[in-house]
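Asks: Sequence first, predicted model second:
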Amino acid sequence: MIEMNETNLKDTTMPDSIIQGEVPTDSKNLYITTAIPYATGAPHIGNALDYLLADIWTRYQKQNGRDVRFQIGTDEHGNKITQKSAEAGLDPQSFVDKNHVLFKQVADMVGASYTDVVRTTDEIHKLAVQYIWQQLKPHIYKDKYEGWYCTGCEQFYTDKEVEVTGGKCPNHQQEYERLSEDNYYLRASDFSDQIRQAIENDEMKILPEFRKNELLEMIKDGVKDVSISRPRKSLSWGVAVPDDPDHVMYVWVDALSNYITVLGYPGNSDWKNYWPADVQVIGKDILRFHALIWPAILLGLGLELPKKLLVHGFVNVGGEKISKTVGNVIDPGEIINKYGLDAFRYYFSRHVPTQDDGDFTYEKFEAAYNGELANDLGNLVLRVANMITKYQAGVVGDAPLSEHDMSLYHEHMEALRFDQALDEVWSKIQSLNRYIDSVKPWEVAGRRESDTDAEDHLSEILAHCTGNLLQIGDLLVPFMPTTAATIHNTFDQGVITPLENVMFTKIFEHTPNPAAKTTQAK
RNA sequence: CGCGGGGUGGAGCAGUCUGGUAGCUCGUGUGGCUCAUAACCACAAGGUCGUAGGUUCAAAUCCUGCCCCCGCAACCA
């Protein structure tokens, strides 16, 4: 969806940063990726979080004048797909066609402004992956894989699984056999030192830092080679290994390569304008593959490593792990329908720590919605707009740009701590509420008949408020696009555009309504 | 001895690297204000900082032991 002709414009028409001097000034286009979920079933909140975090970074960079490409997609090969599609009475391709749409819908639902969509069953992807395999050949070797095999399941099981089940397959009630088969292996060990160094010196920066340390500890003795194929008889739904039709690619080379094949690698040289990726957003469960196997592939191809891996955590519900059997799955659509998209984006970007596990309950969500969005922000916008309408017939004086130092906000953004960046915005919102209470514009308005300076003073105050709100609107652009637009539309034109609706109407479905209590007390 | 994260007022967290009045948000109580969505603002109550010891003039912060919670543990995609 990126127009090709945009890529060469950057030299002549590089836009000025909206927020000058606050961001690094290298002018390269940026590329941001999300993990491609396995298209076996329905999307979950973790996928939504991937899309959201990537989108926040994308919008922030676009706001700063960058040209950003943002990829989403699905991983559509493997035995689980074959199995699930059979259960659903579909052929594998129809099955993934159907599921692919579900993931795309979630991305759309959370407002992700992606530019590219990749599917591992795309013809062009499969061809590119085979090309990649060819390039990797100096680092590929064939070896025996030996393990416990169930002829009923037609697959291998780990020692641990065999131990847990007492040596008998629970699905087929038969004993595992010791079998061996040929696998191709990627000699990731060739790149142990390079990978370790890239992680150590932040050339490929892993955020948060404790994940980086965890990983370095894990590979202090080197990176292990990894099996990257299966015999066709045990894995049919996948990309054929070039020059060896009896073998099919296992997930790694196929799926991880999506990050470059979607850019057009190797055929369309436009990929060079975007790779290496600026940020790759992943969940903590897939860090190892992205920090070890993926770099091995890239180094084998002679490509640069991604600049940053943003590792987010999991979302719990009331402290419990989300699980389908427990039935505590949360549906983004339900939240968005009731509270609105911006409220959803707000909660999951501020109250779920960007780089750690978070917790969701409807109580917490609603408390944040009513307390922070409706009371702090919505009410602030309304009270300022109202005073301008009431005291100045809606005319906004010259709003001086707020000279508030927002370097902390930008520091947090650059560090990919979106939660903390929003904390800064809210502290600004609170300051403005305090400011209004301390200067008491309504008293100033009341003095205008007797005090000739009052008129000027009042308009100064309201202009100051307007300037601050416009800045708050700017800062909210990456997080809450609609809200930011509403703020700008209201104050931007020199004359107040009255709000059509109250922002963030109070909702008390999961928290007590204070109105009931106050009435009773008085 | 597998690796890592964490235990701070009712709840959720910051502070620990670079020792020295324990801070923030919510909740609770009192008061103020009226521009505003029963909102906003001020003040107050409430913590022996998991536990036992050690170092120090001084420890949430440094050292040691112990207890508890939570992830990861390589083919699971």
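Replies: Cool, got the structure. Note that the structure is a prediction, hence the values are computed from the model and not measured.

Asks: For the stretch 201-350 of chain A, which segments are assigned as helices?
Replies: Taking DSSP state H, counting those that start in this stretch as the criterion, the stretch 201-350 of chain A carries its helices at A:209-218, A:251-256, A:258-261, A:287-288, A:294-301, A:332-339, A:341-346.

Asks: Check the ones you listed for me and report the most buried one.
Replies: Sort the helices of the stretch 201-350 of chain A by mean neighbour count, taking mean count of other C-beta atoms under 10 Å, and helix A:258-261 sits at the top with a mean of 26. For every residue, glycine as well, the C-beta is placed using N, CA and C.

Asks: Might you name the residue of the stretch 301-450 of chain A sitting closest to RNA strand B?
Replies: Here the stretch 301-450 of chain A gets closest to RNA strand B at one residue, residue A:378, 1.5 Å apart by C-beta to the nearest atom of the strand.

Asks: Validate this expectation: that residue resides in a helix.
Replies: Yes: secondary structure of residue A:378 (DSSP: H, G, I helix; E, B strand; the rest coil): part of a helix.

Asks: Now it. Nearest residue, chain neighbours left out?
Replies: Once flanking residues are discounted, residue A:378 sits nearest to residue A:503: 3.5 Å by C-beta to C-beta, 6 or more residues apart in numbering.

Asks: For that neighbour, give me its contacts.
Replies: Counting by C-beta atoms under 8 Å, 6 or more residues apart in numbering, residue A:503 makes contact with A:373, A:374, A:377, A:378, A:381, A:382, A:483, A:486.

Asks: What of residue A:125?
Replies: By C-beta under 8 Å, 6+ apart, the contact list for residue A:125 reads A:118, A:119, A:257, A:258, A:261, A:262.

Asks: does the residue of chain A most remote from its centre count as helix, strand or coil?
Replies: Distance from the centre of chain A peaks at residue A:450, with 56.7 Å (C-alpha atoms, centre = their mean). Per three-state DSSP, the secondary structure class of residue A:450 is coil.

Asks: Tell me the confidence at it?
Replies: pLDDT for residue A:450: 85.

Asks: Equivalent analysis for residue A:217, please.
Replies: Confidence score, pLDDT, at residue A:217: 81.

Asks: related to what we said a few turns ago, can you tell me which of the helices of the stretch 201-350 of chain A comes nearest to residue A:192?
Replies: Among the helices of the stretch 201-350 of chain A, helix A:294-301 comes nearest to residue A:192, with 8.9 Å by C-beta to C-beta.

Asks: so what's residue A:133 up against?
Replies: Here residue A:133 is in contact with A:140, A:241, A:242, A:249, A:253 (C-beta under 8 Å, 6+ apart).

Asks: In strands, which of those residues fall?
Replies: The strands, defined by DSSP state E, take in A:140, A:249 from the contacts of residue A:133.

Asks: Give me the phi and psi for residue A:356.
Replies: When read as degrees, to the nearest 10, the backbone of residue A:356 gives phi -150, psi 180.

Asks: Wait, it touches residue A:314, no?
Replies: No: at 9.3 Å, residue A:356 does not count as touching residue A:314 under the criterion of C-beta atoms under 8 Å.

Asks: neighbour count winner among the two?
Replies: A count of neighbours by other C-beta atoms under 10 Å puts residue A:314 above the other of residue A:356 and residue A:314, at 18 against 15.

Asks: how far away is the nearest residue to the more buried one once chain neighbours are set aside from residue A:321?
Replies: Leaving aside its sequence neighbours, residue A:314 sits nearest to residue A:357 (C-beta to C-beta, 6+ apart; 5.2 Å). Applying C-beta to C-beta, to the nearest Å, the value for residue A:357 to residue A:321 is 10 Å.

Asks: what touches both of those two?
Replies: Taking C-beta under 8 Å, 6+ apart as the criterion, residue A:357 and residue A:321 both touch residue A:314.

Asks: Using CSV, write out every CA atom in stretch A:308-325.
Replies: As requested, the backbone C-alpha atoms of stretch A:308-325 are provided in CSV (Å, rounded to 0.1, in the frame of the first residue of the first chain):
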residue,chain,number,x,y,z
LYS,A,308,15.2,-3.1,18.5
LEU,A,309,13.1,-5.9,19.8
LEU,A,310,10.3,-4.7,22.0
VAL,A,311,9.3,-7.6,24.2
HIS,A,312,5.9,-7.1,25.8
GLY,A,313,4.4,-9.3,28.5
PHE,A,314,1.1,-11.1,28.9
VAL,A,315,-2.2,-9.7,30.0
ASN,A,316,-3.7,-11.4,33.0
VAL,A,317,-7.3,-11.1,34.1
GLY,A,318,-7.7,-10.5,37.8
GLY,A,319,-4.2,-11.9,38.3
GLU,A,320,-5.1,-15.1,36.6
LYS,A,321,-3.6,-16.4,33.4
ILE,A,322,-6.1,-16.2,30.5
SER,A,323,-7.2,-19.6,29.4
LYS,A,324,-10.0,-20.9,27.3
THR,A,325,-10.7,-23.7,29.7
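
Asks: check whether it contacts RNA strand B.
Replies: Yes: legend: contact between stretch A:308-325 and RNA strand B by C-beta under 7 Å from any atom of the strand is shown at residue A:321.

Asks: Next, the buried residues of that stretch.
Replies: Of the residues in stretch A:308-325, A:308, A:309, A:310, A:311, A:312, A:313, A:314, A:315, A:316, A:317, A:322 count as buried by neighbour count, 16 or more other C-beta atoms under 10 Å.

Asks: Spit out the contact partners of the second one.
Replies: It refers to residue A:309. Residue A:309 touches A:204, A:205, A:206, A:207, A:279, A:280, A:282, A:287, A:290, A:291, counting by C-beta under 8 Å, 6+ apart.

Asks: re earlier: pLDDT added to the contacts of residue A:133, as a markdown table?
Replies: Listed next are these as a markdown table, based on pLDDT from 0 to 100:
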| residue | pLDDT |
| --- | --- |
| A:140 | 94 |
| A:241 | 94 |
| A:242 | 93 |
| A:249 | 94 |
| A:253 | 93 |
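
Asks: any idea which of the contacts of residue A:133 is the one closest to residue A:48?
Replies: Closest approach to residue A:48 among the contacts of residue A:133 (C-beta to C-beta): residue A:253, at 27.6 Å.
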